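*Asks:* Got a predicted model here, sequence first, then my questions.
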Amino acid sequence: MIHLVLGGARSGKSRFAESRVAQITASIPQVCSPVYIATATIGHDNEMASRIARHQDDRAASALSWLTLETPLALAECLTRIDKANQVILVDCLTLYLTNHLLLTSFGGAAETAIPNFATNLASSDWQTEKDSLLAVLPKLQSDVVLVSNEVGSGVVPMGELSREFVDQAGWLNQAIATMADHVTLVVAGLPLPLKTSTNS
């Protein structure tokens with residue numbers, strides 16, 4: 001089962017996704033501990049560090065025993081490696097995963113200082129290759145997967161080549177995953193709006 005959760009900044013998408021993982025976990029007999037794949041990197045960004053700490057506190061306060069994996073780049077490889085039956089995986093989030101790859105492509109080696117474990121996490125410096133690998137892996141997983149991503153196409157067209165490339169690539173990635181997903185939910189002001197629902201999962 002693939003569930004894509006979309007939303008803007010501070011929409012409540014991550015909280016909804018975590019609650020969805022709790023629901024799925026409760027429905028699986030002999031379930032494994034849920035896995036949280038974090039794609040964010042702190043670098044020298046204090047504000048991002050605060051965001052990450054807030055998410056960590058939310059997970060610590062939940063009833064679930066999360067296993068957290070930090071995977072800023074090699075998401076397809078990570079999902080393949082940890083996949084097994086009776087497991088729920090939460091990926092938060094796809095847009096930071098995309099950002100890491102775009103920065104790597106744009107700034108090359110400079111990204112090494114911003115992305116921890118750069119050498120061990122790097123699956124490919126080519127975003128299209130990594131994206132294709134992810135799209136190939138997702139339908140084959142035994143695990144149930146909930147993926148969080150930002151809906152970035154509702155605002156103005158940004159200035160700057162890299163910003164426009166980010167919006168384009170995020171939109172294409174969201175569309176590709178939504179096509180194969182069993183469920184797609186848009187979260188606005190903390191309220192989940194179902195966009196796609198499968199009766200089989």
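*Replies:* Ah, there it is. Numbers count the residues shown, from 1 in each chain.

*Asks:* now the strands: where do they sit in this structure?
*Replies:* 2-7, 35-38, 67-70, 88-92, 144-150, 183-188, 191-196 (DSSP state E).

*Asks:* Now do the contacts for residue 190.
*Replies:* Applying C-beta atoms under 8 Å, 6 or more residues apart in numbering, we find residue 190 in contact with 11, 12, 15, 16. (C-beta placed from N, C-alpha, C; glycine too.)

*Asks:* Tell me the confidence at it?
*Replies:* Per-residue pLDDT puts residue 190 at 96.

*Asks:* Residue 117 now?
*Replies:* Taking residue 117 on its own, its pLDDT is 47.

*Asks:* Point out where the protein drops to low pLDDT.
*Replies:* 42-46, 48-49, 52, 55, 59-61, 105-125, 200-201 (pLDDT under 70).

*Asks:* about what we covered before: of the contacts of residue 190, just the buried ones, PyMOL syntax please.
*Replies:* Here is the PyMOL selection string for the buried members of the contacts of residue 190, based on 16 or more other C-beta atoms under 10 Å:
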select buried, resi 11+12+16
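
*Asks:* quick one on the thing from earlier: I'd like to know which of the strands of the chain is closest to residue 26.
*Replies:* Taking C-beta to C-beta, strand 88-92 is the member of these nearest to residue 26, at 10.0 Å.

*Asks:* Run through the neighbouring helices and strands of that closest one.
*Replies:* In this structure, strand 88-92 packs against helix 13-26, strand 35-38, helix 75-82, strand 144-150, with contacts taken as 3 or more C-beta pairs under 8 Å, 6 or more residues apart in numbering; DSSP states H and E.
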